[in-house]
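Asker: Show me how the following folds:
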Amino acid sequence: MMDIETGGYGRTNRPVFDRLEGQQSQHLYVKNQVCKFWLAGQCNRNPCRFLHSHSPNPQPQPQQSDDPNANYGNKIKTTWRNPNISASKNVKVSSPMNVKVSSPGVVTSDVNCGHSGQRAQQKLCQYWVTGNCVHGDKCKDLHSWFSGSGLALLTKLERHNKAVTGVALPCGSDKLFSGSKDESVCLWDCNTGQCVGIVKPGGEIGCLISEGPWVFVGLQNAVMAWNIQTQTELLLRGPVGLVKALVVGGDMLFGGAQDGSILAWKFSSESSCPELVATLKGHKLAVLSLVVGAGRLYSGSKDETIRMWDLKTLQCLQTLSGHTNFVTSLICWDCYLLSGSLDNTLKVWAATESGDVQVVYEFKEESGILALSGIEDSQSKHILLVSCKDNTVRLYDLPSFSERGRVFAKREVEAIAVGCGDLFFTGDATGQLSVWKLLGGSSAEEAKSS
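Answerer: The predicted model follows:
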């Protein structure tokens with residue numbers, strides 16, 4: 001049995017909203033000259049007589065093509081599928097897709113963080129973080145945990161003392177679960193923000209997800225399965241090394257092991273113990289990410305490849321190559337697979353007429369990508385959440401990849417999870433868990449009332 005501690009309180013804060021706003025630009029740009037200070041992220045002139053854009057000319061729209069994957073601007077029905085949320089939380093809407101393409105296979109966009117005529121501050125003041133900044137409002141760096149508009153920090157939950165590696169809000173539960181390298185799983189009351197219980201499975205937590213009434217925790221050489229309705233506790237043996245990736249597809253639970261194998265457990269009923277039915281082999285190094293979409297299981301690995309598996313036969317259908325470093329995160333968006341890597345790239349994959357999956361677009365980040373997730377705002381716009389090694393989480397509007405804002409953390413954010421509606425959660429390497437809310441409007445009044 002696991003050791004469970006109850007009681008204790010997490011540190012809670014009042015809702016915070018610190019939105020940056022810019023004034024409407026009414027000046028004339030110097031023709032064809034880009035502001036060198038803007039390029040370095042240091043321009044403080046508003047208005048500025050030089051261009052705050054990489055190109056003085058509008059980007060051309062992509063040409064129509066007979067290849068359905070070449071036209072990323074079709075209107076299609078889109079669905080998010082994240083490995084850390086239940087199927088009942090999938091987002092389904094119809095939305096127009098219109099992407100600017102500067103060269104084949106590369107997505108480009110101007111940064112837009114809610115300002116007009118001025119680029120938002122993108123660097124967090126480290127002195128402000130520790131409460132020691134002496135410059136106040138005159139500081140050239142950001143004194144806020146986020147930049148952009150339409151976002152509010154609700155609270156920061158502090159109980160873990162090492163990196164948060166998984167966050168989940170089980171369907172129908174009022175408890176938020178977070179797992180950490182400090183060998184504990186914390187249970188947070190969603191109404192009060194208090195830590196109401198601590199589970200100690202007996203080792204480092206590699207990952208944590210939920211599906212229906214189950215919470216699954218990746219451990220060293222095992223997976224803990226916990227039914228929060230029946231209070232059933234199971235320990236699934238078989239993996240070799242720390243389990244850093246878990247996902248549920250159909251009636252099976254898949255776990256990625258450190259030796260590169262993927263174990264599959266099958267459920268016969270909601271209350272029964274899952275039975276180990278298969279071990280999928282092919283990766284040469286540890287599996288870091290798993291996601292299920294369109295009848296396929298996708299796995300990302302330290303061996304720099306992605307493997308596509310048939311959910312019925314459990315056979316490998318294709319190995320996707322192209323990344324040059326660890327493939328850290330995978331999510332599905334309708335017919336697209338999105339992959340993030342420590343090679344600083346986010347790749348968008350789609351199936352060709354022959355059935356093979358290929359890269360259709362690529363997006364470059366400034367640093368390595370640690371985690372991906374997707375959410376929808378109140379206007380049914382799709383937002384991609386990208387955690388990078390520079391201690392930020394970028395929010396991109398899809399399909400344009402235009403940046404709407406950034407979330408900052410003390411250290412790298414290794415875990416992102418989506419809650420019900422407009423909530424999402426981030427956990428960083430210090431053990432701090434943050435709760436965020438997407439705002440439906442852009443008014444300050446709405447921000448204050450959130």
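Asker: For the rest of this, base every contact and every neighbour count on C-alpha atoms.
Answerer: Noted.
Asker: so where's the stretch 51-200 of the chain uncertain?
Answerer: The stretch 51-200 of the chain contains residues with pLDDT under 70 at 51-122, 127-130, 134, 138.
Asker: Settle this for me: residue 300 is touching residue 331, isn't it.
Answerer: No - look at residue 300 against residue 331 with Cα atoms under 8 Å: they stay out of range, at 10.4 Å.
Asker: quick one: which of the two has more around it?
Answerer: A count of neighbours by other Cα atoms under 10 Å puts residue 300 above the other of residue 300 and residue 331, at 30 against 27.
Asker: Please work out the average pLDDT along the host helix or strand of that one.
Answerer: Take DSSP states H and E as the rule and residue 300 turns out to sit in strand 296-301. Averaging pLDDT along strand 296-301 yields 97.
Asker: And stretch 334-351, by the same measure?
Answerer: Averaging pLDDT along stretch 334-351 gives 94.
Asker: ok, and the closest non-adjacent residue to residue 397?
Answerer: Nearest residue to residue 397 in three dimensions, chain neighbours excluded: residue 383, at 4.8 Å (Cα to Cα, 6 or more residues apart in numbering).
Asker: Run through the residues that contact the one you found.
Answerer: Applying Cα atoms under 8 Å, 6 or more residues apart in numbering to residue 383 gives the contacts 374-377, 395-398.
Asker: 7 Å - rerun?
Answerer: The contact partners of residue 383, taken as Cα atoms under 7 Å, 6 or more residues apart in numbering, are 374-376, 395-398.
Asker: mind checking how far it is from residue 367?
Answerer: According to Cα to Cα, to the nearest Å, residue 383 and residue 367 sit 20 Å apart.
Asker: Just the ones of the contacts of residue 383 in strands?
Answerer: Counting by DSSP state E, the contacts of residue 383 place 374-376, 395-397 in strands.
Asker: got the contact list for the longest strand seen in the chain?
Answerer: What stands out as the longest strand in the chain, according to DSSP E, is strand 214-227. With Cα under 7 Å, 6+ apart as the contact definition, strand 214-227 has outside contacts at 203-210, 213, 228, 232-244.
Asker: Quick check on those residues: which are buried?
Answerer: 203-210, 213, 234-236, 239-244 (16 or more other Cα atoms under 10 Å).
Asker: And the pLDDT at residue 292?
Answerer: Listed pLDDT for residue 292 reads 95.
Asker: Could you pull out the buried residues of the helix or strand containing it?
Answerer: Using DSSP H and E, residue 292 sits within strand 287-293. Using 16+ other Cα under 10 Å as the test for burial, strand 287-293 gives 287-293.
Asker: Out of those, which is nearest to residue 314?
Answerer: Here the nearest of the buried residues of strand 287-293 to residue 314, counting by Cα to Cα, is residue 292; it sits at 12.3 Å.
Asker: for the closest one, what are its contacts?
Answerer: Counting by Cα under 7 Å, 6+ apart, residue 292 makes contact with 249, 298.
Asker: Look up how far residue 378 lies from it.
Answerer: Distance of residue 292 to residue 378, given as Cα to Cα: 26 Å.
Asker: Listing request: residues of the stretch 201-350 of the chain with sub-threshold pLDDT.
Answerer: Applying pLDDT under 70 to the stretch 201-350 of the chain picks out residues 269-272.
Asker: residue ranges for the strands of it, please.
Answerer: Secondary structure of the stretch 201-350 of the chain (DSSP state E, counting those that start in this stretch): strands at 207-211, 214-227, 232-242, 245-249, 252-256, 262-266, 275-280, 287-293, 296-301, 306-310, 316-320, 327-333, 336-341, 345-351.
Asker: about what we covered before: residue 174: which of the ones in strands among the contacts of residue 383 is nearest?
Answerer: Of all the ones in strands among the contacts of residue 383, residue 375 has the smallest distance to residue 174: 20.0 Å, by Cα to Cα.
Asker: what would the ones in strands among the contacts of residue 383 look like in JSON lines with neighbour count and distance to residue 265?
Answerer: As requested, these are exported to JSON lines (neighbours: other Cα atoms under 10 Å; distance: Cα to Cα, whole Å):
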{"residue": "374", "neighbour count": "25", "distance to residue 265": "27"}
{"residue": "375", "neighbour count": "26", "distance to residue 265": "28"}
{"residue": "376", "neighbour count": "21", "distance to residue 265": "31"}
{"residue": "395", "neighbour count": "24", "distance to residue 265": "35"}
{"residue": "396", "neighbour count": "22", "distance to residue 265": "35"}
{"residue": "397", "neighbour count": "16", "distance to residue 265": "36"}
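Asker: got those residues as JSON lines, with distance to residue 427 and pLDDT columns?
Answerer: Listed next are the ones in strands among the contacts of residue 383 as JSON lines, based on distance: Cα to Cα, whole Å; pLDDT from 0 to 100:
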{"residue": "374", "distance to residue 427": "16", "pLDDT": "92"}
{"residue": "375", "distance to residue 427": "17", "pLDDT": "91"}
{"residue": "376", "distance to residue 427": "20", "pLDDT": "89"}
{"residue": "395", "distance to residue 427": "16", "pLDDT": "93"}
{"residue": "396", "distance to residue 427": "19", "pLDDT": "93"}
{"residue": "397", "distance to residue 427": "22", "pLDDT": "91"}
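Asker: need those in JSON lines with distance to residue 277, can you?
Answerer: Below are the ones in strands among the contacts of residue 383 laid out as JSON lines (distance: Cα to Cα, whole Å):
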{"residue": "374", "distance to residue 277": "31"}
{"residue": "375", "distance to residue 277": "33"}
{"residue": "376", "distance to residue 277": "36"}
{"residue": "395", "distance to residue 277": "39"}
{"residue": "396", "distance to residue 277": "39"}
{"residue": "397", "distance to residue 277": "40"}
